[in-house]
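1. I'll drop the sequence and a predicted model, then ask my questions.
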Amino acid sequence: MLHRGLARSGCAALWTLVALVSFGCNLVSADRRDGPNVLLVTIDTLRADRVGAYGARDVATPTLDALAARGVLFERAMAAVPLTLPSHASLLTGQYPATHGVRHNAVFVLGAEAETVAERFADAGYATGAVVGAAVLDAEFGLRQGFEAYDAELPKERATAAGFYERPAGEVTDRALAWLAEQRGPFFLWVHYYDVHANWTPPEPFKTRFQRHPYDGEVAYVDHELGRLLGALEQKKRLANTVVAVTSDHGEGLGEHGEESHTYFIYDSVLHVPLILAGPGLPAGRRVAPVAPNTGLAATLLALVGAKPLARADVGDLAPMWRQQPASAPGEAYAESLAGELDHGWAPLHGVRSDRFHYIRAPRPELFDVVADPHQRHNLLPSDRPEHVAAVKTGEARIDALLAGSAAPEPLAVDAETRAQIEALGYVVPDGKAVKTGADPKDVHALASVAFDSLALLFAKRHEEAEKLALKGLEVMPGSSQLHDILARVYLAMRRPALALPHAVEAARLNPQYGDFHAQVAYVHLLLGDLPSAVASFEQALRVDPLHPGAHIGVMWRVRLGGTVEDAQQHAEQALANAGDRPAIAERVGEIWESLGEYERALAVFEHGAKSFPDHTPFHMRLAIQYARFGDERRAEREREAAGQASADVNLRNRLGIVYAARRDFGRAEPIFRDILKERPDEPSTRRFLARMLRETGREAEAAGLVEGVGPALEVLPPEPPSETHPRG
């Protein structure tokens, strides 16, 4: 099932070319073969009841409303899971999460054996492209299967303190139009807008107009951008021959059931989403009343264009629901959330939503009559009324049948750019399931905000506050792997690895499915100088996941334990082959070669990296270090100047100073060490190396003052702590 960052190869180069196309350029007229175009739009976190066509008032969704007027609107469309990645995996495969195996954000990956709707369109001769708005749908998570172009290039800064990297709807639309401008034949384009996801900061004029309801302001902004996208197709006379499908991955709690956001519950507030289709072959103004899983969208789009159906889908073509009016069969949809189980060891939630009832399997099961109680406020259980007993029995049977064929979840150690530095230390993904507390999410879900807030404080570098809040959270939630993980990261950021170790170990014990937690343990052991334990963890990671680049990099350390350079070279090549489109991987490979004393190999990797990734300036600083080591001071200084902001990196400057000092070029080394200590007077490694240099030049008294109170050197100089686990998506 594993499918890693290999799918991203070549994507960055392609979209660099696409970005050169002017945003104002004309769309190329289609030289059409068989079948209409297909445009799939997913608006992240959009509740159905905040769209005018669904009855919302005081909103601004003219594009969606007009689309519904000329097409089909499903009144009770339901998402499969209140999380971005698993829900989109369902939308693209027609399978529920239990089948495709993606059960949470940022940890699981859609396997290569899964068949996506994009693959079917590609087989049918369509150009296939995707433009996504947030890192939670990065190509490394497997969704790019079947897409010739997968645009997931995102800003380097987070949109919020503990959120994903994302880009605004205007930029998403621009990139979609740039791709469309290159297409002359039929196309399948997936466009993902993330703006409606919290935090809500719509641009003007929507910010002022919806000052009291910023969620609705974001909806209005995305609707406006969707209108711009459709308007461009209309202008070039391509819209009439384009099937347009708009839906969402999940809704938003907005305070219902005590949930402001989404993730841990499966009520209608986070499952009821819009589903609108319009275009050739679709009736105008048709509304479908029964419950419909939007997981059926994949099969529906393929059927509308006459493409080959998916080999395996849990939900088939939805067309009979609008062709047979009224519908001949009642509706039904499955939903789940394993986030509470995976994050904190709580009980998982599974549910079945029908036209009349919504049953939720939980430690305290719930049954709602959604006709009499549309907001699901009154649990009917326990009950011995025949219709209630029958609804529970039916729901249990449906859930059991679906879970019986569940795909075993495949964990993925997160390898987004935000994890680049810790990747060099490897990810271990052992067998085993999360340690469970069995708590009902209804009783404990409010505690999840403690972890989220602690994470935000960590990212803001407010370490003492993050430590205090996380420790307080553990008093009431001692089984939270997230809180232990956050504390480990806080202590790493504070350069206190001994305090980090027990929390890192406990996080991994509580939830061994998360590779990040085991990577944390390996990282701390490296900082504490336990190289054998670290190498053993890297080897275990490769047994579980032979493609993992970080594990291959980590196994290179085996040279220090008697391994061969040839073996390390094989692992270095494998790491670069598996993730060669990410500069951080090449940087880590070169860094390990440098640490192993293989300076020629390190130089070759850094030179290749600087040519392949000209915008990644740390390569220039690393080249400066290597050229200084080989005595080429002129090239070293030139590369240091080319490094720009990276030349201010304390770790890299310190390494450069060490190299000059080792060559007894004290005139260059001392100013570097002195500048670092002006910024960080207590930097232990710099103080130690400067003291050593001072002793060699006869300044013993000054050297003694520098090393006083400085502890033993760490085996590995710590980079920044890992920056995210799996924020809400």
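-> Looks like it came in fine.
2. show me where pLDDT drops low in the stretch 351-500 of the chain?
-> 407-437 (pLDDT under 70).
3. that one: helices as residue ranges?
-> 386-404, 420-423, 441-444, 448-459, 463-476, 481-493, 497-510 (DSSP state H, counting those that start in this stretch).
4. C-alpha coordinates for stretch 598-605, CSV please?
-> Extracted in CSV, the C-alpha atoms of stretch 598-605 (Å, rounded to 0.1, in the frame of the first residue of the first chain):
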residue,chain,number,x,y,z
GLU,A,598,33.7,11.4,3.2
TYR,A,599,34.3,15.0,2.1
GLU,A,600,34.6,14.4,-1.6
ARG,A,601,31.2,12.7,-1.6
ALA,A,602,29.7,15.5,0.4
LEU,A,603,31.1,18.1,-2.0
ALA,A,604,29.6,16.2,-5.0
VAL,A,605,26.2,16.0,-3.4
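5. what's in contact with it?
-> For stretch 598-605, the surrounding residues in contact (Cβ atoms under 8 Å, 6 or more residues apart in numbering) are 565, 568-569, 572, 586, 589-591, 593-594, 622-623, 626-627, 629-630. (Each C-beta comes from the backbone N, C-alpha and C, glycine too.)
6. give me the buried entries from those residues.
-> Taking 16 or more other Cβ atoms under 10 Å as the criterion, what is buried in the contacts of stretch 598-605 is 568, 572, 586, 589-591, 593-594, 622-623, 626-627, 629.
7. tell me the two of those residues that are most distant?
-> Ala568 and Tyr627 (23.0 Å; Cβ to Cβ).
8. which regions of the stretch 101-250 of the chain sit below the pLDDT cut-off?
-> Looking at the stretch 101-250 of the chain by pLDDT under 70, you get 155-164.
9. apply 80 and report the result again.
-> Residues of the stretch 101-250 of the chain meeting the criterion pLDDT under 80: 106-107, 140, 154-165.
10. is it correct that Glu336 is in contact with Pro348?
-> Yes. With contact defined as Cβ atoms under 8 Å, Glu336 counts as touching Pro348 (6.9 Å).
11. between those two, who's got more neighbours?
-> A direct count of neighbours by other Cβ atoms under 10 Å for Glu336 and Pro348 places Glu336 higher, at 24 against 18.
12. what's across from the more buried one in the sheet?
-> Glu336 has these beta-bridge partners by DSSP bridges: His350.
13. quick check: the residue nearest the centre of the chain vs Ser454, distance?
-> With distances taken as Cα atoms, centre = their mean, Val136 lies nearest the centre of the chain, 2.6 Å away. Counting by Cβ to Cβ, to the nearest Å, the gap from Val136 to Ser454 is 20 Å.
14. what does Asp249 give?
-> According to Cβ to Cβ, Asp249 stands 26 Å off from Ser454.
15. then Pro363?
-> Relative to Ser454, Pro363 is positioned 26 Å away (Cβ to Cβ).
16. more neighbours, those two?
-> A count of neighbours by other Cβ under 10 Å puts Ser454 above the other of Pro363 and Ser454, at 28 against 13.
17. OK, contacts around the nearest residue to that one once chain neighbours are set aside?
-> Counting by Cβ to Cβ, 6 or more residues apart in numbering, Ala470 is the residue found nearest to Ser454 once chain neighbours are left out, at 4.3 Å. Taking Cβ under 8 Å, 6+ apart, we find Ala470 in contact with 450-451, 454, 483, 486-487, 490.
18. how about Leu239?
-> Residues in contact with Leu239 (Cβ under 8 Å, 6+ apart) are 230, 233.
19. kindly recompute the last result at 6 Å.
-> By Cβ atoms under 6 Å, 6 or more residues apart in numbering, the residues touching Leu239 are Leu233.
20. now swap in the one 3 residues further on and tell me
-> Neighbouring residues of Thr242 by Cβ under 6 Å, 6+ apart: 37, 39, 233, 279.
21. again, only using 8 Å
-> Neighbouring residues of Thr242 by Cβ under 8 Å, 6+ apart: 36-39, 233, 279-280.
22. those residues in strands, which ones?
-> Taking DSSP state E, the ones among those that sit in strands are 37-39.
23. now render those residues as a markdown table, adding neighbour count.
-> Below are the ones in strands among the contacts of Thr242 laid out as a markdown table (neighbours: other Cβ atoms under 10 Å):
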| residue | neighbour count |
| --- | --- |
| Asn37 | 26 |
| Val38 | 24 |
| Leu39 | 25 |
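24. just to revisit the earlier point, buried subset of the contacts of Ala470?
-> 450-451, 454, 483, 486-487, 490.
25. format those residues as CSV; extra columns: distance to Thr300.
-> Converted to CSV, those look like this (distance: Cβ to Cβ, whole Å):
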residue, distance to Thr300
Val450, 41
Ala451, 38
Ser454, 42
Leu483, 42
Ile486, 42
Leu487, 47
Val490, 47
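26. from those, pick the one nearest Leu143.
-> Among these, Ala451 lies closest to Leu143 (Cβ to Cβ), at 26.1 Å.
27. now do the contacts for that closest one.
-> Residues near Ala451 by Cβ under 8 Å, 6+ apart: 343-344, 470, 473, 480, 482-483, 486.
28. and if you look at Leu40?
-> With the criterion set at Cβ under 8 Å, 6+ apart, Leu40 makes contact with 91, 117, 188-191, 245, 297, 301.
29. what do you get for Leu229?
-> The neighbours of Leu229, taking Cβ under 8 Å, 6+ apart as the test, are 39, 41, 173, 176-177, 191.
30. would you turn those residues into JSON lines with secondary structure and distance to Val222?
-> Listed next are the contacts of Leu229 as JSON lines, based on DSSP: H, G, I helix; E, B strand; the rest coil; distance: Cβ to Cβ, whole Å:
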{"residue": "Leu39", "secondary structure": "strand", "distance to Val222": "15"}
{"residue": "Val41", "secondary structure": "strand", "distance to Val222": "9"}
{"residue": "Thr173", "secondary structure": "helix", "distance to Val222": "9"}
{"residue": "Ala176", "secondary structure": "helix", "distance to Val222": "13"}
{"residue": "Leu177", "secondary structure": "helix", "distance to Val222": "15"}
{"residue": "Val191", "secondary structure": "strand", "distance to Val222": "10"}
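31. quick one: which of these is most hemmed in?
-> Neighbour counts for those peak at Val191, which has 27 neighbours (criterion: other Cβ under 10 Å).
32. distance of it relative to Asp138?
-> For Val191, the distance to Asp138 equals 16 Å [Cβ to Cβ].
33. also Asp65?
-> Distance of Asp65 to Asp138, computed by Cβ to Cβ: 32 Å.
34. tell me the one of the buried ones among the contacts of stretch 598-605 nearest Val59?
-> Ala586 (47.6 Å).
35. next, count neighbours for Val172.
-> So Val172, with other Cβ under 10 Å, has 26 neighbours.
36. mind listing what's buried in stretch 448-457?
-> 448, 450-457.
37. over to stretch 593-610?
-> Here stretch 593-610 shows 593-596, 598-599, 601-603, 605-606, 608-610 as buried, counting by 16+ other Cβ under 10 Å.
38. identify the farthest-apart pair in those.
-> For the buried residues of stretch 593-610, the maximum inter-member distance is 20.7 Å, found between Leu596 and Ala610 (Cβ to Cβ).
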